[in-house]
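>>> generate a structure from the sequence data that follows.
(4 chains)
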There are 4 protein chains.
Amino acid sequence: MKIQHLQGLISAPFTPFDSNGKLDVSLIPPYYAFLKRNGVTGAFINGSTGEGVSITLAEKKAVAQAWADCSNHDDDFKVMVFLGGTCLDDCIDLAKHAYEIGLYAVSLTGAFYFKPANVDVLAETCIKVGESVPNMPFYYYHIPVLSGVNVAMYDLVRALDGKLPNFAGVKYTHEDFMDFQSCMSYENGKFDMLWGRDENMLSALVLGAKGAVGSTFNYAAPLYYDLIDAFNANDLVKARELQQKSIDMIRFLGKYGGISVGKAYMKLVGHDLGGFRLPVKNMSAEQFELFKKDVAGLNFDAFKSK
Amino acid sequence: MKIQHLQGLISAPFTPFDSNGKLDVSLIPPYYAFLKRNGVTGAFINGSTGEGVSITLAEKKAVAQAWADCSNHDDDFKVMVFLGGTCLDDCIDLAKHAYEIGLYAVSLTGAFYFKPANVDVLAETCIKVGESVPNMPFYYYHIPVLSGVNVAMYDLVRALDGKLPNFAGVKYTHEDFMDFQSCMSYENGKFDMLWGRDENMLSALVLGAKGAVGSTFNYAAPLYYDLIDAFNANDLVKARELQQKSIDMIRFLGKYGGISVGKAYMKLVGHDLGGFRLPVKNMSAEQFELFKKDVAGLNFDAFKSK
Amino acid sequence: MKIQHLQGLISAPFTPFDSNGKLDVSLIPPYYAFLKRNGVTGAFINGSTGEGVSITLAEKKAVAQAWADCSNHDDDFKVMVFLGGTCLDDCIDLAKHAYEIGLYAVSLTGAFYFKPANVDVLAETCIKVGESVPNMPFYYYHIPVLSGVNVAMYDLVRALDGKLPNFAGVKYTHEDFMDFQSCMSYENGKFDMLWGRDENMLSALVLGAKGAVGSTFNYAAPLYYDLIDAFNANDLVKARELQQKSIDMIRFLGKYGGISVGKAYMKLVGHDLGGFRLPVKNMSAEQFELFKKDVAGLNFDAFKSK
Amino acid sequence: MKIQHLQGLISAPFTPFDSNGKLDVSLIPPYYAFLKRNGVTGAFINGSTGEGVSITLAEKKAVAQAWADCSNHDDDFKVMVFLGGTCLDDCIDLAKHAYEIGLYAVSLTGAFYFKPANVDVLAETCIKVGESVPNMPFYYYHIPVLSGVNVAMYDLVRALDGKLPNFAGVKYTHEDFMDFQSCMSYENGKFDMLWGRDENMLSALVLGAKGAVGSTFNYAAPLYYDLIDAFNANDLVKARELQQKSIDMIRFLGKYGGISVGKAYMKLVGHDLGGFRLPVKNMSAEQFELFKKDVAGLNFDAFKSK
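Predicted structure coming up:
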């Protein structure tokens, strides 16, 4: 399989729930249209942002089908689906489903209860799942802060190269730039390394990153495209200003309770996707008012949509 | 609900697979009979030892049904089922199933991908799941080394007391004896605290522990009953010797690759339950021969069965 | 060197400062007399409780001299001195000084900036320092929560046995009871294993521990002697009650800011030893009033002194 | 005090020992001359690379004096001295000594045994030490991987601004680029942020870093100046190649045992500075031969000196 290198911003969508917490796939088409207007080039669904670990297998398939319905005739929008990592039979089931409905790629993370003992065991799990969909790009999802699996990707890339023909690359959500660059340099850039830390994008662009997967691209993609443009024009003063804006925005995730704050940002750009499921907490109505005031100070409207 | 305090050794069974890695519930009735002969008083199924996180929902239900078929008319053998922790809808589904088929109790652990932000959120997840089976004892499963959720159980017990009527206690698989004893002392021993570290049982007995859940009770229950008898007879010299034997046995888990070594011990006592699934590795045939030699040095036959 | 097994409670004294934060060794003789009245059998000076890492080399020597002056003619009171762990030349200097002034033993911890790469390197550092005082018992001080050095003591004991003739044992301040018991069992109890977690003493007594080193023995030794007596009389109900009292007392360390709370307890028993040095914080005068109220609820007077 | 922003590469020198492990300051003048020839603009002495935690107070002062003797009449070479972090009285002693002998600046890290409870306590320790040398720039040394103190520098900068007039900035040896950039942006770049991860320099340059402190600048400064030149000329292809060369070089530190490998590199560029002290291990003669072969593959001669 020829490895394609994805370009631009791939958003990691939130999973939309109604006010009772039930999955509401009817919110996905307008969500897709919004991302398209903002130039987003793909979606990494059912991932961390999409609460893949908190929804059922049937819900994951329904979400996948809804995104497939939107994007299957859109060659400029690639949908990758996160498979999980602990129960490999479930992962294989989801991978085959993704293939059948025409999604672009699949992604697996390291098992996050029993952790793989070493890179070889991790590679074995990737091969077992990846081989079930031999005609689909397979990406490893590296996010040690949540998975607890902290293997160097440079080691995994070497362990998979030549062993799993559809291994395409890594969604890299970690701050080990030495490891990231080593993967970028491997065999003249053979594998597709997608950057996953929005707050550090500039530091990855300078290393040659061309594609990124992130949660804040859901609501602030124009900001990041401006950043990329400034970087490409070698206007680093502007690029740094924009990256700092991104940081200021992301800092409110910490202030208001973490990952669920992203859905609050979505409300500000006109998409009410409900709350997060437990064990993630949502901010209260009062906190939301404080949050809105804080966000007003960021001049957020300027970058929400072009 | 009146809280019952379980007594004696509750084994955490392995899930039996055939040589192709497929679930084989036909191996459960002889397994149950073996545990009964060794005086085991219950089973904590689909837990860590049972690879609950590595098998599908359908497999979990089939395992639960097989244990229910064995034990439903045996009042002296209590079956508790582990529900998981990340996808609460799946946990509720499994809890209701457990109730319908007549199992004794259910158990939930802290979400191990998104970790609960604090004890109150953890309590909220327990309440949400526990309320779905209001007539069944609910145990929290505390195993921070695998779940990454390290909340003091003394705090959780206080947060759940009066809020979840069927909260019965904690399966405590951690070495924080200050926390464990504080839970034991809480309201004159109101809750059922089940000890989950076989290698430290003597240190829990002295604090008043009466029930324990463990993986090595699958194959070495007589050793632990001898230990308990020696402790109750105040023969501490003998009790220490037996605990040290348990430690020597458990040390080989570390030497030969971890949790899957338990299934190798089961082979030695006549129950071939297959291997573990990925990401857990099984020892090779050569390693198994070395393992058998090491075990011979432990004089293992003496305690494998009465 | 014949290894002596210490018995009873060895306190880890606070280092006394005046109201300007200057060392005041004149407070040591009455402190020693108080410990003697409470049956304490030794002192582990300049350790964590004694802020060994926060005072200068000259101060450490002055503290050591003051304790030597008190105890050198008292065979029933053994003084051990903590040497540190990062700069081995300083440790050797302190060890030789301790020998010259007639202290009983020395103790080293693992280097806590550059951590030893493995047990062999850790053993090498012990040998280098231990050999400088060949006629003095040498204890390793195992306190991974502060040192960050988490090597199994069972491995260290095996690495040092036969290599360092004056290796006497371990001050064990950690909750790994499997490791602790393995050391206790090693060669029929050859080495002296001193328990260092006051809140878990009962769980160590049942494993055969005879000596303990702790900070709360400074002000509550009678409580622990009662606990030991109850344990030896096989009155486990009483022993558990007393251990729970110890836990309740220790819980206030967490509530009021950590290790410095010990000096507040000392004030309550009549010994004002000043505050802790930075980076440890001391409670404010207002917090001290709240603390006193909390402590009143413990019925603390009952055990402060016989 | 007006804050100066340092430019270029500041090396973190090794401390030179003779073959018996004794300090040999006679090796410092040729070392200084070598650094000068390679364009190095300063030295951060007695730090991690300089084994500050493993040498005595007297040795630290002797090292400081030797560097002062070399550089005191060289305005283009700034010497900063690391003070330690646990015993603040020792740190103050060293700071005053540094001032007396004419060094440029001092640097403190977070206490690495008792860790400061929060950013305010950490700031208090900085103020206490910094105030002792009010006419000297004070840098905080952020290296959580060794100190175990992982406070966000953005919080520390805000806590110190206006409280410690000689606070100049941070030597930042950590991979949190969001935090680093937030400090860079603070008050229009008021503070001097020195980058401390040689393997990630390019990712810091793009954020505006102008000065760096590192251990590999001791032997490979020309490589990094080429990297900086390529970056400034916007030749990113070349800059990435050079950063990858740096990574390949640094990877051998991991392969051959860690920090002490730096002294092996120094031998290759003609400066035998002896070995590291325990608890750091040095490679054996055999390993050194393998190391030399590996390094030959890097084409190391090309960048060792201009």
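
>>> which bits of the stretch 201-306 of chain A sit near chain B?
A:257-259, A:277-281 (Cβ under 8 Å from any Cβ of the partner chain). Backbone N, C-alpha and C define where each C-beta goes, glycine included.

>>> which one among the residues you listed gets closest to B:I127?
The closest of these to B:I127 turns out to be A:L278 (Cβ to Cβ; 9.7 Å).

>>> which residues in chain A form strands?
All strands of chain A, identified by DSSP state E, fall at A:8-11, A:42-45, A:78-82, A:105-109, A:138-142, A:167-172, A:192-195, A:211-214.

>>> for those, which one sits closest to A:D229?
strand A:8-11 (11.5 Å).

>>> which one among the residues of the stretch 201-306 of chain A next to chain B gets closest to B:I143?
Taking Cβ to Cβ as the measure, B:I143 lies nearest A:P279 of these, at 15.9 Å.

>>> and the strands of chain A as a markdown table, adding distance to C:M80, mean pLDDT and mean neighbour count?
Output for the strands of chain A, formatted as a markdown table (distance: least, Cβ to Cβ, whole Å; pLDDT from 0 to 100; neighbours: other Cβ atoms under 10 Å in any protein chain shown):
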| stretch | distance to C:M80 | mean pLDDT | mean neighbour count |
| --- | --- | --- | --- |
| strand A:8-11 | 61 | 98 | 24 |
| strand A:42-45 | 58 | 98 | 28 |
| strand A:78-82 | 56 | 98 | 26 |
| strand A:105-109 | 49 | 98 | 28 |
| strand A:138-142 | 48 | 98 | 28 |
| strand A:167-172 | 50 | 98 | 26 |
| strand A:192-195 | 54 | 98 | 26 |
| strand A:211-214 | 56 | 98 | 25 |
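
>>> and these: which comes nearest chain D?
Closest to chain D of the strands of chain A is strand A:192-195 (Cβ to the nearest Cβ; 11.3 Å).

>>> export stretch A:57-71 as CSV, just CAs?
Output of stretch A:57-71 as CSV, limited to C-alpha atoms (Å, rounded to 0.1, in the frame of the first residue of the first chain):
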residue,chain,number,x,y,z
LEU,A,57,-20.0,-0.5,20.2
ALA,A,58,-23.4,0.2,18.6
GLU,A,59,-23.0,3.9,19.2
LYS,A,60,-19.5,3.9,17.7
LYS,A,61,-20.9,2.3,14.6
ALA,A,62,-23.7,4.7,14.3
VAL,A,63,-21.3,7.6,14.6
ALA,A,64,-19.1,6.1,12.0
GLN,A,65,-22.0,5.6,9.6
ALA,A,66,-23.1,9.2,10.0
TRP,A,67,-19.7,10.5,9.1
ALA,A,68,-19.5,8.1,6.2
ASP,A,69,-22.8,9.4,4.9
CYS,A,70,-21.5,12.9,5.0
SER,A,71,-18.1,12.4,3.5
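
>>> is that stretch positioned near chain B?
Yes - Stretch A:57-71 is in contact with chain B by Cβ under 8 Å from any Cβ, via A:L57.

>>> would you mark the buried spots in whichever helix in chain A runs longest?
Secondary structure of chain A per DSSP state H: the longest helix is helix A:236-256. The neighbour-count check on helix A:236-256 (16 or more other Cβ atoms under 10 Å in any protein chain shown) flags A:236, A:239-240, A:242-253, A:256 as buried.

>>> list the contacts of it.
Contacts of helix A:236-256 with the rest of the structure, by Cβ atoms under 8 Å, 6 or more residues apart in numbering or on different chains, involve A:198-199, A:201-202, A:216, A:220, A:223-224, A:226-227, A:230-231, A:259, A:261-262, A:264-265, A:283, A:287, A:290-291, A:294-295, A:298, A:300, A:303, D:178, D:181-182, D:184-185, D:206-208.

>>> just the buried residues from those residues, in ChimeraX please.
To isolate the buried ones among those in ChimeraX, judged by 16+ other Cβ under 10 Å, type:
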select /A:198,199,201,202,216,220,223,224,226,227,230,231,259,261,262,264,265,283,291,294,295,300,303 /D:178,181,182,184,185,206,207,208
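
>>> out of the contacts of helix A:236-256, list just those in helices.
Using DSSP H, these in helices are A:201-202, A:220, A:223-224, A:226-227, A:230-231, A:261-262, A:264-265, A:287, A:290-291, A:294-295, A:303, D:178, D:181-182, D:184-185.

>>> thinking again about what came up before, got CSV for the residues of the stretch 201-306 of chain A next to chain B, with distance to A:H271 and pLDDT too?
Output for those, formatted as CSV (distance: Cβ to Cβ, whole Å; pLDDT from 0 to 100):
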residue, distance to A:H271, pLDDT
A:G257, 19, 91
A:G258, 19, 94
A:I259, 16, 95
A:R277, 18, 98
A:L278, 22, 98
A:P279, 24, 97
A:V280, 18, 97
A:K281, 20, 96
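
>>> rewinding a little: tilt between the longest helix of chain A and helix D:177-185?
Counting by axes from the mean of the first three to the mean of the last three Cα atoms, to 10 degrees, helix A:236-256 points 120 degrees away from the direction of helix D:177-185.

>>> how far off centre is helix A:236-256?
Distance, stretch centre to chain centre, for helix A:236-256: 18 Å (Cα atoms, centre = their mean, to the nearest Å).

>>> for it, list the C-alpha coordinates in PDB.
In PDB, the C-alpha atoms belonging to helix A:236-256 read as follows (Å, rounded to 0.1, in the frame of the first residue of the first chain):
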ATOM      1  CA  LEU A 236       7.500  34.100  12.700                       C
ATOM      2  CA  VAL A 237       6.500  37.000  14.800                       C
ATOM      3  CA  LYS A 238       2.900  36.600  13.600                       C
ATOM      4  CA  ALA A 239       3.100  32.800  13.900                       C
ATOM      5  CA  ARG A 240       4.100  33.100  17.500                       C
ATOM      6  CA  GLU A 241       1.300  35.500  18.300                       C
ATOM      7  CA  LEU A 242      -1.200  33.100  16.800                       C
ATOM      8  CA  GLN A 243       0.300  30.100  18.700                       C
ATOM      9  CA  GLN A 244       0.100  32.200  21.900                       C
ATOM     10  CA  LYS A 245      -3.600  32.900  21.100                       C
ATOM     11  CA  SER A 246      -4.100  29.100  20.800                       C
ATOM     12  CA  ILE A 247      -2.400  28.600  24.100                       C
ATOM     13  CA  ASP A 248      -4.500  31.200  25.800                       C
ATOM     14  CA  MET A 249      -7.600  29.500  24.500                       C
ATOM     15  CA  ILE A 250      -6.400  26.000  25.500                       C
ATOM     16  CA  ARG A 251      -5.500  27.300  29.000                       C
ATOM     17  CA  PHE A 252      -9.300  27.700  29.700                       C
ATOM     18  CA  LEU A 253      -9.700  23.900  29.200                       C
ATOM     19  CA  GLY A 254      -7.600  23.500  32.400                       C
ATOM     20  CA  LYS A 255      -9.400  26.300  34.100                       C
ATOM     21  CA  TYR A 256     -12.900  25.100  33.500                       C
END
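
>>> closest to C:T56 out of the buried residues of helix A:236-256?
Of all the buried residues of helix A:236-256, C:T56 sits closest to A:R251, with 41.1 Å by Cβ to Cβ.

>>> so which bits of chain A are right by chain D?
Residues of chain A lying near chain D (Cβ under 8 Å from any Cβ): A:175-178, A:181-182, A:184-185, A:199-200, A:202-208, A:231, A:234, A:236, A:239-240, A:243-244, A:247, A:250.

>>> what is the burial count for the residue of chain A found nearest chain D?
Nearest to chain D, among the residues of chain A, is A:S203, at 3.5 Å (Cβ to the nearest Cβ). Using other Cβ atoms under 10 Å in any protein chain shown, A:S203 is surrounded by 27 other residues.

>>> how near is it to A:D179?
Look at A:S203 and A:D179: by Cβ to Cβ, to the nearest Å, they are 13 Å apart.

>>> cool, and A:V129?
Distance, A:V129 to A:D179, using Cβ to Cβ: 22 Å.

>>> more neighbours: which of these two?
Higher neighbour count among A:V129 and A:D179: A:V129, with 25 against 22, using other Cβ under 10 Å.
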